[in-house]
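Visitor: quick one, what's the 3D model for this:
(one chain, ligands or ions: 1)
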Amino acid sequence: MTARTLAQLAAGLAARKYSSAELTQAALARVQGAQPRLNALISITAESAQAAAAVADERLAAGKAGPLTGIPMIHKDIFCTAGVLTTCGSRMLSNFVSPYDATVVARLKQAGMVMVGKANMDEFAMGSSNETSFYGPVKNPWDETRVPGGSSGGSAAAVAARLASLATATDTGGSIRQPAALCGVTGLKPTYGRVSRYGMIAFASSLDQAGVITVSAEDAALTLQAMAGFDPRDSTSVDAPVPDYRAALDAPLTGMKIGILKEFFGEGLASEVERPVREALATLVKLGAVVKEVSLPSLPLSVPTYYVVAPAECSSNLARFDGVRYGHRCAEPRDLRDLYTRSRAEGFGAEVKRRIMTGTYVLSAGYYDAYAIKAQKVRAVITDEFRRAFQDVDLLLAPTAPTVAFGLGDKTSDPITMYLNDIYTIGANLAGLPALSMPCGFAGGLPVGVQLIGPHFGEAKLLGAAHRYQQVTDWHLKTPAGFAEAFA
Ligand code: GLN
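Guide: Below you'll find the model as predicted:
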């Protein structure tokens, strides 16, 4: 058995096929074994995992377990974890131990999940290949000479290699969906405000959203259930009831209107990617969906818009890392100015500095109207085009990424080419929409993902369509050779 879905593991635990302690021991062995090859983790938390597993086993024995109790998982290292290193992939936070848990961490802990480690990621979630991490690049388990995507590359690689069946992730411009596509796993970015951002280190606050990377859409539903919902500690968290995502999975697709995004099927899309994406659409049609072509004329402006909005917000958010209260501090500062400048110069990597400089520039008095305000206007237009599209269709379908996983080092010298990786994913962030990527085939032995975008709070619809698709296909169950053997 190599599928290793959460649903299967929960059934195994309930049937006493194994204990949480055994499952956790096996997951730790797997994580440790894969680390030299993939570098998917920044921290491995063996001791606290064993303690959490013992508590979970007591809950299981007492009949007080939930559907996630006792199952090993991994958190992206952007989520604060009490007493455990939280680096955000940066030298700046390479010594930072959080005094508290992020809400996402607290909720999954409450559900009884067992954290076995923290996933590697692009520095401060800025990147599309995991190569900006201070801790070194993550390797794609399907081909270790290639990138896993980013910024949640560690999370995606870990789930693809079945080191755990769930890894949390975050998506500011595609960082859940793009690595999920490149690694052949399922990734869900919820609606902005659906999941609390409290304790999730901020990159671009109006775009950042926490979500999950899993094997299946069903697992994404199970975990979103535990994570979603109002949090008074996040002022952008929405106080709206959380539907029963599991129950909504089996809704039939008959008559569901799927819009295909015209702008995303043109130039720039590799034909080897387009083919499986169109096949996925045909499968959804067989299941009863109806297709409509949809045009969002301003969507091609999403990359330039994002690269004004995101750096602007990041330049403000990252101002807090000043070497004074926490994080990296330079040795023997001469005065306060020297402390600030040297701590930041040493603590941040090249991509983060590039973003801070761009952001500071677009926010400066002389350029604010030309860039920052203009970008906000375009963002409003894009959001409105999406809103109108959802008056006609239930979901939108597009590729997730323009190509399959590229080689390590191939794009590091050209930031613009790197930025274009997110051309199909950024729109959903600008508009705050939920979106999902799921495996739909292979090209040259590398996974291809298809993306579904839903209306605000349309997670149940998205997950339902994906679940139906995954019931008649098995792309999501494929595992990379060399990581295929079961771990329990
Ligand atoms: N790749 C995009 C960037 O570099 C998106 C990152 C993300 O979603 N965190 O900003």
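Visitor: all contacts plus neighbour counts: C-alpha atoms, from now on.
Guide: Will do.
Visitor: tell me the centre residue of this protein?
Guide: For the chain, the residue nearest the mean C-alpha position is Ile176 (2.4 Å; C-alpha atoms, centre = their mean).
Visitor: and Ile71, its phi and psi?
Guide: Note on Ile71: backbone dihedrals following degrees, to the nearest 10 are phi -100, psi 130.
Visitor: not including adjacent chain positions, what is the nearest residue to the residue of the stretch 1-150 of the chain found nearest the ligand?
Guide: Proximity of the stretch 1-150 of the chain to the ligand (C-alpha to the nearest ligand atom) peaks at Gly127, 3.5 Å away. Setting aside the residues directly before and after it, Gly127 is nearest to Ser151 in space (C-alpha to C-alpha, 6 or more residues apart in numbering), at 5.2 Å.
Visitor: so how many other residues sit close to that neighbour?
Guide: By other C-alpha atoms under 10 Å, 35 other residues sit near Ser151.
Visitor: you'd agree it is up against Met126?
Guide: Yes. Counting by C-alpha atoms under 8 Å, Ser151 does reach Met126; the two are 6.2 Å apart.
Visitor: separation between the residue lying farthest from the centre of the chain and His75?
Guide: In the chain, Arg334 marks the outermost C-alpha relative to the chain mean, sitting 40.9 Å out by C-alpha atoms, centre = their mean. Separation of Arg334 from His75 (C-alpha to C-alpha, to the nearest Å): 38 Å.
Visitor: can you list the residues of the stretch 301-450 of the chain near the ligand?
Guide: Asp422 (C-alpha under 6 Å from any ligand atom).
Visitor: what residues does stretch 136-144 touch?
Guide: The contact list for stretch 136-144 (C-alpha atoms under 8 Å, 6 or more residues apart in numbering) reads 37-40, 120-121, 129-131, 145-148, 153-154, 157, 160-161, 183, 405, 445-446, 480-481, 483.
Visitor: again, only this time at 7 Å
Guide: 38-40, 130-131, 145-148, 153-154, 157, 160-161, 183, 446, 480 (C-alpha atoms under 7 Å, 6 or more residues apart in numbering).
Visitor: check for me that Leu188 belongs to a helix.
Guide: No. Leu188: not assigned to a helix; according to DSSP: H, G, I helix; E, B strand; the rest coil it is strand.
Visitor: what's near enough to touch it?
Guide: Contact analysis of Leu188 by C-alpha under 7 Å, 6+ apart lists 176-177, 211-213, 220, 435-437.
Visitor: same check, this time on Thr417
Guide: By C-alpha under 7 Å, 6+ apart, the neighbours of Thr417 are Lys411.
Visitor: now do Ala111
Guide: Ala111 sits next to 66, 68-69, 226 when contact means C-alpha under 7 Å, 6+ apart.
Visitor: need the pLDDT of it.
Guide: We have a pLDDT of 98 for Ala111.
Visitor: for it, give its distance to Val159.
Guide: Distance of Ala111 to Val159, computed by C-alpha to C-alpha: 20 Å.
Visitor: equivalent analysis for Ile213, please.
Guide: 7 Å.
Visitor: follow-up on the earlier one: so which of the contacts of Leu188 are in helices?
Guide: Residues of those located in helices (DSSP state H): 177, 220.
Visitor: make CSV out of the contacts of Leu188 and add pLDDT.
Guide: Conversion of these to CSV gives the following (pLDDT from 0 to 100):
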residue, pLDDT
Ile176, 98
Arg177, 98
Gly211, 98
Val212, 98
Ile213, 98
Ala220, 98
Ala435, 98
Leu436, 98
Ser437, 98
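Visitor: going by neighbour count, which of the contacts of Leu188 comes out on top?
Guide: In terms of neighbours by other C-alpha under 10 Å, the contacts of Leu188 top out with Arg177 at 38 neighbours.
Visitor: dump the residue contacts of that one.
Guide: For Arg177, counting by C-alpha under 7 Å, 6+ apart, the contacting residues are 187-188, 400, 436-437.
Visitor: now those residues as a markdown table including distance to Thr87?
Guide: Below are the contacts of Arg177 laid out as a markdown table (distance: C-alpha to C-alpha, whole Å):
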| residue | distance to Thr87 |
| --- | --- |
| Gly187 | 22 |
| Leu188 | 23 |
| Thr400 | 28 |
| Leu436 | 26 |
| Ser437 | 27 |
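Visitor: now, the most widely separated pair of those?
Guide: Taking C-alpha to C-alpha as the measure, the contacts of Arg177 span a maximum distance of 11.8 Å, between Leu188 and Thr400.
Visitor: joint contacts of these two?
Guide: With C-alpha under 7 Å, 6+ apart, Leu188 and Thr400 have common neighbours 177, 437.
Visitor: run through the residues that contact the closest residue in space to Pro399 that isn't next to it in sequence.
Guide: Counting by C-alpha to C-alpha, 6+ apart, the nearest residue to Pro399 once its immediate chain neighbours are dropped is Val450, at 4.8 Å. Residues in contact with Val450 (C-alpha under 7 Å, 6+ apart) are 277, 398-400, 437-440.
Visitor: tell me which residues in the lowest-mean-pLDDT helix or strand in the chain are buried?
Guide: Every helix and strand in the chain was compared by mean pLDDT, DSSP states H and E; the lowest is helix 415-419, with a mean of 89. Judged by neighbour count using 16 or more other C-alpha atoms under 10 Å, the buried positions of helix 415-419 are Tyr419.
Visitor: which residues are in contact with the helix or strand that that helix is followed by?
Guide: Scanning forward in sequence from helix 415-419 by DSSP states H and E, the next helix or strand is helix 426-431. The contact list for helix 426-431 (C-alpha under 7 Å, 6+ apart) reads 172-174, 207, 299, 302-303, 379, 382-383, 434-435.
Visitor: mind putting the residues you listed into JSON lines with distance to Glu22?
Guide: Formatted as JSON lines, those follow (distance: C-alpha to C-alpha, whole Å):
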{"residue": "Thr172", "distance to Glu22": "36"}
{"residue": "Gly173", "distance to Glu22": "38"}
{"residue": "Gly174", "distance to Glu22": "35"}
{"residue": "Leu207", "distance to Glu22": "39"}
{"residue": "Leu299", "distance to Glu22": "49"}
{"residue": "Ser302", "distance to Glu22": "47"}
{"residue": "Val303", "distance to Glu22": "46"}
{"residue": "Arg379", "distance to Glu22": "49"}
{"residue": "Ile382", "distance to Glu22": "49"}
{"residue": "Thr383", "distance to Glu22": "48"}
{"residue": "Pro434", "distance to Glu22": "36"}
{"residue": "Ala435", "distance to Glu22": "35"}
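Visitor: do you know the pLDDT at Ser98?
Guide: Model confidence at Ser98, given as pLDDT, is 97.
Visitor: so it sits against Ile78, correct?
Guide: No. Contact criterion C-alpha atoms under 7 Å: Ser98 and Ile78 do not qualify, at 11.0 Å.
Visitor: who touches both of the two?
Guide: Here Ser98 and Ile78 share the contacting residues Thr86, scored by C-alpha under 7 Å, 6+ apart.
Visitor: which one of the two is surrounded by more residues?
Guide: In terms of neighbours (other C-alpha under 10 Å), Ile78 is the more surrounded of Ser98 and Ile78; the figures are 30 against 18.
Visitor: which non-adjacent residue is nearest that one?
Guide: Spatial nearest neighbour of Ile78, chain neighbours left out: Cys88 (4.6 Å); criterion: C-alpha to C-alpha, 6+ apart.
Visitor: rewinding a little: adjacent strands (with direction) for the host helix or strand of the residue nearest to Pro399?
Guide: If you go by DSSP H and E, Val450 is part of strand 446-453. Neighbouring strands of strand 446-453 in its sheet, by DSSP bridges, are strand 395-399 (antiparallel), strand 435-443 (antiparallel).
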